[in-house]
Structure formats: structure tokens, C-alpha cells
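> my questions concern the predicted model and sequence given below.
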Amino acid sequence: MTHYVPRVRSALIWIAEPTFDEEPTVEDVERIDRWRWPIWFPLSVALHRKLVTRIGMVPIPKQLQPFPLLRNGDKKHGWRLVRLVQDANGSLAISGRGLGQCKDPSVPIDGGVNDTRLKEMIVSGWRPEDEW
């Protein structure tokens, strides 16, 4: 998890390029240097229900620290660029103001998934370009 939005109780998680047959160690996670895409996921709920396993705390890689540019919308209505912004109260919210239309299919989608869909996406090698 790199970002958390309390208002929607969702975490932005990044899917690593490598996958592991066994549960990775903290050291394994620290060595990851390639990331597929981010997605919103109810991480606290999944931890509480034991649907995922907490591995440990690691520093967020520099390239993942800024909130990524995302796209929302759909094929029919068009894709728009969005970014997470912090308001004057310190709350985080999604904003699409002034960012315009998305023309790059590799831009990650501003969407959420449950644990079942997340596993399907990882195993199938899904990429944002698959939903353009």
C-alpha cells in the first residue's frame, strides 16, 4: 500500500511484476523494482478477514511515492485523467480538474477490486491496456 483514502476506506496498492510461489519475506519485497499497476483495494477489511497476509513494513520506493496519474471513465464515454489531491483540511480526494482526456491505454485505471478479482487479474497477467 502506498496511499490510503480514509473517506472511502480504500488503499492504493501496487502489484509487483514478480510473483511468488511461497509467501515472500520482507527482504524479498524490498528487492522488488518492477511494478505492474496500482489499484484501489479494501486492504484493512482484507487483513481483518484474513484474506491477505501482512508481510511487514518496507520503505515505499521513490517512484511509487507520488500519487500516480490514473484514468477513470469507460470506452463509451471516454477516459479522463485523475489524480489524488489533498484539500485544505488534509483530506485526500480524487480530482480530475484540468487534467483532460486520457489518450494512453497504459495509464492505470482509477477503480477498485475485491480479493477474488485481484487474484484473477494477477494470475491472468491483466494490464490496464486490456480495458481500453
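Okay, I see it. The model shown is predicted, which means the values in this text are computed figures rather than measured ones. Residues are numbered from 1 along each chain as shown.
> so what touches stretch 73-82?
If you take CB atoms under 8 Å, 6 or more residues apart in numbering as the criterion, stretch 73-82 is touched by 69-72, 94-96, 99-102, 107, 110, 132. Where C-beta positions appear, they are placed from N, C-alpha and C, glycine not excepted.
> can you pick out the most distant pair from these?
By the measure CB to CB, 95 and 132 form the most distant pair in these, at 22.4 Å.
> residues of the longest strand seen in the chain that come out buried?
In the chain, taking DSSP state E as the definition, the longest strand is strand 78-86. Within strand 78-86, the residues scored as buried using 16 or more other CB atoms under 10 Å are 79, 81, 82, 83, 84.
> run the chain-centre distance for that strand.
13 Å (CA atoms, centre = their mean, to the nearest Å).
> going along the chain, name the strands of the chain.
Using DSSP E, strands in the chain cover 3-5, 10-16, 35-41, 70-74, 78-86, 92-95.
> may I see those strands organised as TSV, with distance to residue 25 and mean pLDDT added?
Shown next, in TSV, are these (distance: least, CB to CB, whole Å; pLDDT from 0 to 100):
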stretch	distance to residue 25	mean pLDDT
strand 3-5	24	84
strand 10-16	13	94
strand 35-41	18	96
strand 70-74	30	92
strand 78-86	30	86
strand 92-95	31	70
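> give me the below-cutoff pLDDT ranges for this protein.
Low-confidence segments of the chain (pLDDT under 70): 86, 89-90, 92-94, 96.
> hey, where'd the helices end up in it?
With helices called from DSSP state H, the chain shows them at 26-30, 43-48, 115-124.
> out of those helices, flag the one nearest residue 36.
Of all the helices of the chain, helix 115-124 comes closest under CB to CB, at 8.2 Å.
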